[in-house]
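Fold the stuff below for me.
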Amino acid sequence: MKRTCFIIFLVLNYHLSYTQEVYNLSKLIEHASVHHAAVRISQSEIDQKEAEIMSAYDFDKTELYYMYDENNLAVNNRPIQVAGIRQAFKFPTAYSAQRKSRESEFSLQSAMHLLQLQRIQYEVNQAFYEYQYQSHKYLALKKADSLLDYFSESYVSDTTKSIEELTALYQLKKWKIGLFQSKKDVSIAANRLKGKAFIKEDIQIERIALTPLPMPLMKGLPILGEIYDRKQYDQLNKTNVLKKQSLPDLSLGYFQGTNQNLNKILIGYEFGLKIPIFYGANRASIESSRIESEKIISEKEQIDLGLKNKRQRLIDQYKKYQEFVRLFQNEGEALKEQIIQVSQEELINGRLTYSEFFQTIANATSMELEYFEVLNELNQNVLRMKYVEVVD
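Okay, here's the model as predicted:
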């Protein structure tokens, strides 16, 4: 008895240790949002832009120098040996303008990161509902297959020579192939979903009821609009940096000089200006930056118009799919069940041959498969509406 209990314990322990974790849609999205390579790259770019903010204060290297010039004489009529330090600066407001520009680059990259997360969420959603479609399609085929197998034991024989029964046997084998292919489609959809969620280990995906997704609220450009606003602001800051380059640079210096027979140290200060006399190239850069700002405004207007047209097309498609889905839910589903029930009774009572029964079950199942296909198109259409900003 103890040996038996121990074996049962080992079997249960083994089973529990290898139980696959169940992932629902939220968990898949959460995993992808953290581990997906594109998200990590995008986050690295944000960190890089944040680190670059302090690089706005890019002072030139400090110059230390020694000078001996026989033309530079002290009061004792001997040359002076001079040592000094000199530092060049941009005009003070240029640094604040450059910092503002780096901060706007960081802000823009943060918005781009949100867009990347939206793209990942769309891809995971799209793959998740494709998996649900393939799973329900397989289950419908499997259910019909079980029914066909059950009656084939009484009405079909491998040794028969009847043309009708040979046809039925061929149809049954062909059905098995379709079922096998459908099972493969489920596996392909599951692997694709794992890839989109960036999951390498084996997992169990939650199977949910295949129902129509509600139409999302759609207005404006919640992410793209923000991105283009930040692009515009970033370009204005870049233009401001170019304008600040037309201001003079500053130079400050301090030096000391003496010679062997001089009993004191001579000191001196210097202040200089670097004035941009040849200003044409910088003026051209400012004009180019201004044109880029106008281009960003035009692009935003064009994208806004394009998305409005795309949304309207998606709404029209949604309504088309919705009519068929409602028809099946209101009438088709009950009709399918009724056809299956009556066909079984007709077969048992001898009013249908197995070949005719097979065709009837196949037709009833095809009604459900067509419903699943259209429902999947509807749900994919809803996802395209919800994530319209990241759908090509």
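
For stretch 272-281, buried residues please.
Across stretch 272-281, burial judged by 16 or more other C-beta atoms under 10 Å covers no residue at all. All C-beta spots, glycine's among them, are computed from the backbone N, C-alpha and C.

Over to stretch 71-87?
74, 80, 81, 82, 84, 86.

So the fourth one: helix, strand or coil?
Local secondary structure at residue 82 is given as strand here, using DSSP: H, G, I helix; E, B strand; the rest coil.

mind listing what it touches?
Residue 82 makes contact with 66, 67, 68, 69, 72, 255, 256, 257, according to C-beta atoms under 8 Å, 6 or more residues apart in numbering.

Show me the shaky parts of the stretch 201-350 of the chain.
219-220 (pLDDT under 70).

After the helix or strand where residue 87 lies, heading C-terminal, what element do we hit next?
Take DSSP states H and E as the rule and residue 87 turns out to sit in strand 79-89. Counting by DSSP H and E, the next helix or strand C-terminal to strand 79-89 is helix 92-155.

Direction included, what does the strand holding residue 87 pair up with?
strand 63-73 (antiparallel), strand 249-258 (antiparallel) (DSSP bridges).

Report the buried residues of the helix or strand that contains residue 377.
Per DSSP H and E, residue 377 falls inside helix 354-386. Judged by neighbour count using 16+ other C-beta under 10 Å, the buried positions of helix 354-386 are 354-355, 357-362, 364-365, 368-369, 371-372, 374-386.

what is the orientation angle of the strand holding residue 87 with helix 92-155?
40 degrees (axes from the mean of the first three to the mean of the last three C-alpha atoms, to 10 degrees).

Show the contacting residues for residue 23.
Here residue 23 is in contact with 31, 197, 199, 203, 204, 205, 206 (C-beta under 8 Å, 6+ apart).

which among those gets closest to residue 221?
Nearest to residue 221 among the contacts of residue 23, counting by C-beta to C-beta, is residue 197 at 27.0 Å.

The closest one touches residue 124, doesn't it?
Yes. Between residue 197 and residue 124 there is a contact under C-beta atoms under 8 Å: 5.5 Å.

Which one's more surrounded, those two?
The neighbour count for residue 197 versus residue 124, taken as other C-beta atoms under 10 Å, is higher for residue 197 (25 against 22).

Tell me which residues touch that one, please.
Residue 197 neighbours (C-beta under 8 Å, 6+ apart): 23, 28, 29, 31, 32, 36, 124, 127.

so the third one sits in a helix?
This points to residue 29. Yes. Assigned with three-state DSSP, residue 29 falls within a helix.

so what pLDDT did it get?
Here the pLDDT value assigned to residue 29 is 95.

Please tell me how far it sits from residue 225.
With distances taken as C-beta to C-beta, to the nearest Å, residue 29 is found 23 Å from residue 225.

In terms of neighbours, single out the busier of these two.
residue 29 (21 against 16).

Surely the more buried one and residue 122 touch.
No. With contact defined as C-beta under 8 Å, residue 29 does not count as touching residue 122 (9.9 Å).

can you list the weak-confidence ranges in the stretch 51-200 of the chain?
Ranges of the stretch 51-200 of the chain meeting pLDDT under 70: 156-161.

do that again at 90, thanks
54-60, 69-78, 89, 91-92, 95, 148-175, 200 (pLDDT under 90).

Give me the phi and psi angles of the nearest residue to residue 24 once chain neighbours are set aside.
Spatial nearest neighbour of residue 24, chain neighbours left out: residue 206 (4.3 Å); criterion: C-beta to C-beta, 6 or more residues apart in numbering. Phi and psi for residue 206, reported as degrees, to the nearest 10, are phi -60, psi 130.

wait, doesn't residue 206 sit right on residue 128?
No. The pair residue 206 / residue 128 is not scored as a contact, 9.0 Å apart, by C-beta under 8 Å.

intersection of neighbour lists for these two?
Joint contacts of residue 206 and residue 128 (C-beta under 8 Å, 6+ apart) are residue 25.

Mind checking which of these two has more residues around it?
A count of neighbours by other C-beta under 10 Å puts residue 128 above the other of residue 206 and residue 128, at 25 against 15.

can you pull the contacts of the nearest residue to the more buried one once chain neighbours are set aside?
Computed as C-beta to C-beta, 6+ apart, the closest residue to residue 128 that is not its neighbour in sequence is residue 25, at 5.2 Å. The contact partners of residue 25, by C-beta under 8 Å, 6+ apart, come to 124, 125, 128, 206, 208.

From residue 196, how far off is residue 25?
Counting by C-beta to C-beta, the gap from residue 25 to residue 196 is 12 Å.
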